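Participant: build me a model from this:
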Amino acid sequence: MNLIDKMVASVDPVRAIKRWQARQALAEVRSFDAAAKGRRTSGWKTPSTSANAENLGSIVTLRDRSRDLVRNNAWVKRALDTWVGDAIGTGVRATLESDPAVGAAWKAWADSSACDADGLADLYGLQALAARCAWEAGEVLIRRRWRRSEDGLPVPMQLQVLEPDHLDHTKTESLKNGGQILGGVEFDALGRRVAYWLFDLHPGEHYRLGRSLDSRRVDAIDVIHLFKRTRPGQVRGVPELAPVILRARDLDDYEDAELTRKKVEACFAVFVKTDGGAASGVGTIGKDQADRPTARLSPGMIKNLRPGEDVTFASPTPTAGYTEFTRGQLRAMAAGSGVTYEAMSGDLSQVNYSSMRAGQLAYRRSVEAWQWLVFVPMFCKRIEGWFMDAAELAGKRRSADAAAVDWSTPRWEWVDPVKDMKGELLKIAAGTQSFSELIRRQGSQPDVVLKELADDWKKLSDLGIPISLDGLVSLASAPIEGEGFGSQLK
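Facilitator: You can find the predicted model right below:
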């Protein structure tokens with residue numbers, strides 16, 4: 001009872017009872033149990049803050065702890081490696097078919113280290129690096145670096161991948177032009193990103209030798225800020241591990257304690273009890289470096305004890321449920337980090353074909369959503385535009401030309417190749433998927449594959465080697481320019 005109720009009760013007890021009854025009735029008519037206030041929700045903090053108010057004060061700690069888990073937690077490292085392998089694989093590749101000159105320049109630039117400002121990786125290696133950093137730290141920066149024509153590059157441009165530490169998260173202020181800076185990202189009066197405030201050196205670089213850290217303004221047109229947006233208005237990204245960082249840390253501590261317990265269990269200890277006098281011991285008597293008596297047991301030893309002596313062997317009590325508990329924690333960690341339990345743990349003991357396929361389908365949908373809703377528009381399309389600008393400056397593309405670019409994500413390995421391939425072929429037969437799309441999803445270029453097929457079939461036909469596709473694909477009945485496929489091979 002609060003102070004007001006006590007005052008009312010002292011003057012008018014009947015009214016105090018009515019006030020109490022009204023509060024009870026109000027509690028009963030709440031629309032949502034989750035909105036009720038009581039013992040179960042007493043410690044639940046739910047402030048109505050924006051995404052930026054929540055993120056900007058925590059992103060440094062979150063990404064530092066996430067990186068530590070990737071370095072030291074085997075499960076987290078495997079989750080990251082698995083996710084990057086599935087999302088990027090050998091690369092999200094581009095096919096330029098409409099302009100051979102631009103396509104040749106793209107291949108020379110993207111398939112070599114000419115695109116990397118550090119000179120270490122091709123474009124697809126940079127994709128994997130960027131995706132890894134975005135998962136681990138929550139975001140990543142890619143900066144466009146213009147080069148001179150005499151540098152001898154296919155196009156005068158390179159890419160520099162930067163960790164988000166380069167972005168000055170402490171820089172938040174209002175600007176005189178009506179814009180604002182939030183966490184190092186500058187917006188104009190209309191809310192458009194116009195610049196990023198970046199450090200020249202990584203703030204954590206150990207060889208800075210006292211150099212001051214001053215962020216400099218870089219136009220947004222020269223920077224890609226890749227992160228997964230989960231709330232409208234969100235400016236900075238959050239590590240994928242954020243929901244399970246504490247759980248992963250606690251699991252580490254639990255496994256360390258369990259390992260220590262196992263070490264204690266492995267210690268074979270003997271306690272000799274005597275009613276009085278000097279004990280004879282149970283093994284070979286000796287002394288350690290501190291001149292303390294010791295006894296050592298030997299295999300097959302027979303020892304006669306003195307009257308009144310007794311021997312007790314230490315046997316620590318094992319803790320049950322270790323496997324089940326660890327498995328449950330790993331399932332929660334896998335769900336929070338965006339991978340499957342089987343991928344994180346490598347444990348396939350509890351799955352069959354149907355459950356494995358069902359789990360893979362749901363996982364693949366989430367990866368494909370990130371590929372096509374985050375990575376392709378925010379990374380691939382931006383780099384595509386940068387490359388076209390550089391190709392135009394190099395005289396390898398006329399401004400009026402519009403080179404069509406098709407992006408293809410890496411192929412998925414099938415759970416059962418025979419069953420899954422039949423399903424893909426049925427899609428082609430039903431007209432819901434093209435043969436070229438099937439080839440692209442396998443990580444290959446349709447033009448290259450089709451040309452190789454035509455050359456192979458012609459060579460086989462010339463050599464008189466019979467090859468039949470009966471029962472797999474009914475291509476012989478599909479007309480091509482008025483004739484059957486089989487007639488094209490003769």
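Participant: tell me the residue furthest from the middle of this structure?
Facilitator: Distance from the C-alpha centroid of the chain peaks at residue 307, with 67.8 Å (C-alpha atoms, centre = their mean).
Participant: just the pLDDT at that residue, thanks.
Facilitator: As predicted, residue 307 sits at a pLDDT of 72.
Participant: now it: how far from residue 219?
Facilitator: Going from residue 307 to residue 219 by C-beta to C-beta, to the nearest Å gives 94 Å. The way it works is simple: take the backbone N, C-alpha and C, and place the C-beta from them, glycine included.
Participant: go on, residue 435?
Facilitator: 43 Å.
Participant: neighbour count: these two, which is higher?
Facilitator: When residue 435 and residue 219 are compared on other C-beta atoms under 10 Å, the one with more neighbours turns out to be residue 435, at 16 against 12.
Participant: residues in contact with the more buried one?
Facilitator: By C-beta atoms under 8 Å, 6 or more residues apart in numbering, residue 435 lies in contact with 428, 446.
Participant: from residue 429, how far out is it?
Facilitator: Going from residue 435 to residue 429 by C-beta to C-beta gives 10 Å.
Participant: repeat for residue 102
Facilitator: Using C-beta to C-beta, which is the criterion applied here, residue 102 is 35 Å from residue 429.
Participant: go ahead and confirm residue 248 touches residue 78.
Facilitator: No: using C-beta atoms under 8 Å, residue 248 is not in contact with residue 78; the gap is 12.0 Å.
Participant: ok, these two, which is more surrounded?
Facilitator: It is residue 248, of residue 248 and residue 78, that has more neighbours when counted by other C-beta under 10 Å, with 24 against 15.
Participant: looking at this, that one is in a strand?
Facilitator: No: using DSSP: H, G, I helix; E, B strand; the rest coil, the assignment for residue 248 is helix, not a strand.
Participant: wait, what's in contact with it?
Facilitator: By C-beta under 8 Å, 6+ apart, the contact list for residue 248 reads 69, 73, 75, 76, 241, 333.
Participant: let's see it at 6 Å
Facilitator: By C-beta atoms under 6 Å, 6 or more residues apart in numbering, the contact set of residue 248 is 69, 73, 76, 333.
Participant: could you look up the SS state of the first one?
Facilitator: By that I understand residue 69. Under the three-state scheme (three-state DSSP), residue 69 adopts helix.
Participant: if I look at it, how far off is residue 430?
Facilitator: According to C-beta to C-beta, residue 69 and residue 430 sit 46 Å apart.
Participant: buried stuff in stretch 243-251?
Facilitator: 244, 245, 248, 251 (16 or more other C-beta atoms under 10 Å).
Participant: quick check: the first one touching residue 335?
Facilitator: I take that to be residue 244. No: using C-beta atoms under 6 Å, residue 244 is not in contact with residue 335, being 8.0 Å away.
Participant: what are the pairing partners of the helix or strand containing residue 95, and which direction each?
Facilitator: Assigned by DSSP states H and E, residue 95 belongs to strand 93-96. Applying DSSP bridges, strand 93-96 is found paired with strand 405-408 (antiparallel).
Participant: surely residue 337 touches residue 79?
Facilitator: Yes: here residue 337 reaches residue 79: they are 4.8 Å apart, a contact under C-beta under 6 Å.
Participant: more neighbours: the two, which one.
Facilitator: Per other C-beta under 10 Å, whichever of residue 337 and residue 79 has more neighbours is residue 79, with 29 against 26.
Participant: if you average pLDDT over the helix or strand hosting that one, what comes out?
Facilitator: Secondary structure from DSSP H and E places residue 79 in helix 74-87. Averaging pLDDT along helix 74-87 gives 95.
Participant: then stretch 245-262?
Facilitator: 90.
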